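>>> I'll drop the sequence and a predicted model, then ask my questions.
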Amino acid sequence: MRAATRVLSNADGPASADGAPGGATRFGISRRDYPHLDLANLTRDSAIAIYFQDFWRAGRFPELPPTIAIKLFDLSVDMGAAHATECLQRALRACGNAVLEDGALGNGTVAAAHRAEGPALLAALRSEAAGYYRALADKSVGVGADERARFLAARLDRAYQ
(Lines give C-alpha, C1' and ligand atoms only; values in the text may rest on other atoms or scores of the structure.)
Protein backbone atom coordinates (compact mmCIF):
# COMPACT_ATOMS: atom_id res chain seq x y z
CA MET A 1 0.00 0.00 0.00
CA ARG A 2 1.69 3.17 -1.27
CA ALA A 3 -0.05 5.40 1.25
CA ALA A 4 1.18 3.39 4.25
CA THR A 5 4.70 3.38 2.83
CA ARG A 6 4.49 7.19 2.67
CA VAL A 7 3.36 7.41 6.30
CA LEU A 8 6.06 5.00 7.44
CA SER A 9 8.76 6.97 5.64
CA ASN A 10 7.76 9.92 7.82
CA ALA A 11 7.28 7.95 11.04
CA ASP A 12 9.68 5.02 10.91
CA GLY A 13 10.75 3.67 14.28
CA PRO A 14 10.11 4.95 17.79
CA ALA A 15 9.62 8.61 18.69
CA SER A 16 10.04 10.46 21.95
CA ALA A 17 6.98 10.60 24.17
CA ASP A 18 7.87 14.15 25.25
CA GLY A 19 7.04 16.09 22.10
CA ALA A 20 4.46 13.87 20.48
CA PRO A 21 0.86 14.84 21.30
CA GLY A 22 -0.14 11.15 21.40
CA GLY A 23 2.72 10.15 23.69
CA ALA A 24 5.05 7.31 22.77
CA THR A 25 4.81 6.18 19.15
CA ARG A 26 6.22 3.53 16.87
CA PHE A 27 5.76 3.74 13.10
CA GLY A 28 3.43 6.66 13.82
CA ILE A 29 1.09 4.48 15.92
CA SER A 30 0.54 6.23 19.26
CA ARG A 31 0.09 4.84 22.74
CA ARG A 32 -2.83 7.25 23.23
CA ASP A 33 -4.76 5.72 20.31
CA TYR A 34 -3.66 2.11 20.94
CA PRO A 35 -3.08 1.83 24.72
CA HIS A 36 -3.11 -1.99 24.77
CA LEU A 37 -0.68 -2.42 21.89
CA ASP A 38 2.90 -3.47 22.64
CA LEU A 39 4.60 -0.62 20.78
CA ALA A 40 8.10 -1.85 21.56
CA ASN A 41 7.45 -5.02 19.55
CA LEU A 42 5.22 -3.55 16.84
CA THR A 43 6.46 -4.64 13.43
CA ARG A 44 6.35 -2.64 10.22
CA ASP A 45 3.89 -5.15 8.72
CA SER A 46 1.61 -4.85 11.77
CA ALA A 47 1.71 -1.06 11.48
CA ILE A 48 0.73 -1.29 7.81
CA ALA A 49 -2.18 -3.57 8.74
CA ILE A 50 -3.36 -1.04 11.34
CA TYR A 51 -3.12 1.82 8.85
CA PHE A 52 -5.02 -0.14 6.23
CA GLN A 53 -7.81 -1.27 8.56
CA ASP A 54 -8.22 1.72 10.88
CA PHE A 55 -7.43 4.58 8.53
CA TRP A 56 -7.55 3.69 4.82
CA ARG A 57 -10.61 1.42 4.91
CA ALA A 58 -12.37 3.53 7.54
CA GLY A 59 -11.98 6.68 5.43
CA ARG A 60 -12.96 7.46 1.86
CA PHE A 61 -9.40 7.79 0.61
CA PRO A 62 -9.81 5.36 -2.32
CA GLU A 63 -12.52 7.65 -3.73
CA LEU A 64 -10.11 10.59 -4.10
CA PRO A 65 -7.59 11.26 -6.88
CA PRO A 66 -4.54 9.11 -5.98
CA THR A 67 -2.02 11.89 -5.18
CA ILE A 68 -4.56 13.71 -3.03
CA ALA A 69 -5.60 10.46 -1.32
CA ILE A 70 -2.02 9.64 -0.35
CA LYS A 71 -1.28 13.14 0.96
CA LEU A 72 -4.58 13.35 2.85
CA PHE A 73 -4.01 9.89 4.32
CA ASP A 74 -0.54 10.91 5.52
CA LEU A 75 -1.91 14.09 7.07
CA SER A 76 -4.86 12.25 8.63
CA VAL A 77 -2.56 9.83 10.41
CA ASP A 78 -0.48 12.71 11.72
CA MET A 79 -3.04 15.41 12.60
CA GLY A 80 -6.31 13.50 12.68
CA ALA A 81 -8.82 12.98 9.90
CA ALA A 82 -10.99 16.01 10.71
CA HIS A 83 -8.08 18.49 10.74
CA ALA A 84 -6.60 16.98 7.57
CA THR A 85 -9.96 17.11 5.80
CA GLU A 86 -10.41 20.75 6.84
CA CYS A 87 -7.02 21.45 5.23
CA LEU A 88 -8.27 19.73 2.06
CA GLN A 89 -11.50 21.71 2.12
CA ARG A 90 -9.62 25.01 2.53
CA ALA A 91 -7.32 23.96 -0.32
CA LEU A 92 -10.35 23.20 -2.49
CA ARG A 93 -11.75 26.64 -1.74
CA ALA A 94 -8.40 28.18 -2.64
CA CYS A 95 -8.67 26.38 -5.98
CA GLY A 96 -12.11 27.84 -6.62
CA ASN A 97 -14.30 24.96 -5.43
CA ALA A 98 -17.03 25.95 -3.00
CA VAL A 99 -17.17 23.30 -0.29
CA LEU A 100 -18.28 23.32 3.30
CA GLU A 101 -15.32 23.38 5.71
CA ASP A 102 -16.69 20.88 8.19
CA GLY A 103 -13.86 18.37 8.48
CA ALA A 104 -15.98 15.58 6.99
CA LEU A 105 -14.89 13.81 3.82
CA GLY A 106 -18.35 13.80 2.29
CA ASN A 107 -19.70 13.55 -1.23
CA GLY A 108 -19.23 17.27 -1.94
CA THR A 109 -15.58 17.24 -0.89
CA VAL A 110 -14.84 14.08 -2.89
CA ALA A 111 -16.56 15.48 -6.00
CA ALA A 112 -14.76 18.82 -5.68
CA ALA A 113 -11.40 17.02 -5.38
CA HIS A 114 -12.09 15.39 -8.75
CA ARG A 115 -13.06 18.71 -10.33
CA ALA A 116 -9.93 20.50 -9.09
CA GLU A 117 -6.74 20.71 -11.09
CA GLY A 118 -4.50 18.07 -9.45
CA PRO A 119 -1.12 19.83 -9.07
CA ALA A 120 -2.75 23.08 -7.89
CA LEU A 121 -4.86 21.21 -5.34
CA LEU A 122 -1.83 19.30 -4.03
CA ALA A 123 0.14 22.54 -3.67
CA ALA A 124 -2.77 24.20 -1.87
CA LEU A 125 -3.20 21.19 0.42
CA ARG A 126 0.49 21.30 1.34
CA SER A 127 0.19 25.01 2.08
CA GLU A 128 -2.87 24.52 4.29
CA ALA A 129 -1.13 21.70 6.19
CA ALA A 130 1.91 23.90 6.74
CA GLY A 131 -0.36 26.63 8.09
CA TYR A 132 -1.93 24.15 10.50
CA TYR A 133 1.49 23.15 11.85
CA ARG A 134 2.68 26.78 12.09
CA ALA A 135 -0.40 27.66 14.13
CA LEU A 136 0.32 24.76 16.50
CA ALA A 137 3.95 25.80 16.85
CA ASP A 138 2.86 29.35 17.72
CA LYS A 139 0.78 27.92 20.58
CA SER A 140 3.71 25.95 22.06
CA VAL A 141 4.37 27.63 25.39
CA GLY A 142 5.13 26.43 28.91
CA VAL A 143 6.78 23.23 30.07
CA GLY A 144 8.12 21.22 27.13
CA ALA A 145 7.53 24.05 24.65
CA ASP A 146 10.98 23.69 23.07
CA GLU A 147 10.50 19.96 22.56
CA ARG A 148 7.03 20.52 21.05
CA ALA A 149 8.41 23.25 18.79
CA ARG A 150 11.09 20.87 17.45
CA PHE A 151 8.45 18.18 16.96
CA LEU A 152 6.22 20.59 15.04
CA ALA A 153 9.11 21.92 12.94
CA ALA A 154 9.61 18.40 11.62
CA ARG A 155 5.88 18.24 10.84
CA LEU A 156 6.11 21.53 8.96
CA ASP A 157 8.79 20.00 6.73
CA ARG A 158 6.52 16.98 6.25
CA ALA A 159 3.64 19.21 5.10
CA TYR A 160 5.59 20.21 2.00
CA GLN A 161 6.44 16.63 0.97
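The structure has been received and is ready for your questions.

>>> In the chain, where is pLDDT below threshold?
Scanning the chain for pLDDT under 70 picks out 1-22, 137-161.

>>> Tell me the spacing between the most centrally placed residue in it and residue 128.
The chain has residue 75 as the residue nearest its centroid, 1.4 Å off, counting by C-alpha atoms, centre = their mean. Distance of residue 75 to residue 128, computed by C-beta to C-beta, to the nearest Å: 9 Å. C-beta here means a position set from N, CA and C on the backbone, and glycine is covered the same way.

>>> which neighbours do those two share?
In terms of C-beta atoms under 8 Å, 6 or more residues apart in numbering, residue 75 and residue 128 are both contacted by the residues residue 87.

>>> before we move on, back to that, which helix or which strand is home to the residue nearest to the centre of the chain?
helix 66-79 (DSSP states H and E).

>>> Show me the helices in the protein, by range?
2-10, 44-50, 66-79, 81-94, 107-115, 118-138, 145-159 (DSSP state H).

>>> Residue 95 touches residue 124, doesn't it?
Yes. With contact defined as C-beta atoms under 8 Å, residue 95 counts as touching residue 124 (5.6 Å).

>>> picking up where we left off before, using CSV, lay out the helices of the chain together with distance to residue 31.
Listed next are the helices of the chain as CSV, based on distance: least, C-beta to C-beta, whole Å:
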stretch, distance to residue 31
helix 2-10, 17
helix 44-50, 13
helix 66-79, 15
helix 81-94, 19
helix 107-115, 31
helix 118-138, 20
helix 145-159, 15
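
>>> Tell me which of the ones you listed sits nearest to residue 26.
helix 44-50 (7.3 Å; C-beta to C-beta).

>>> Give the buried residues for that closest one.
47, 48, 50 (16 or more other C-beta atoms under 10 Å).
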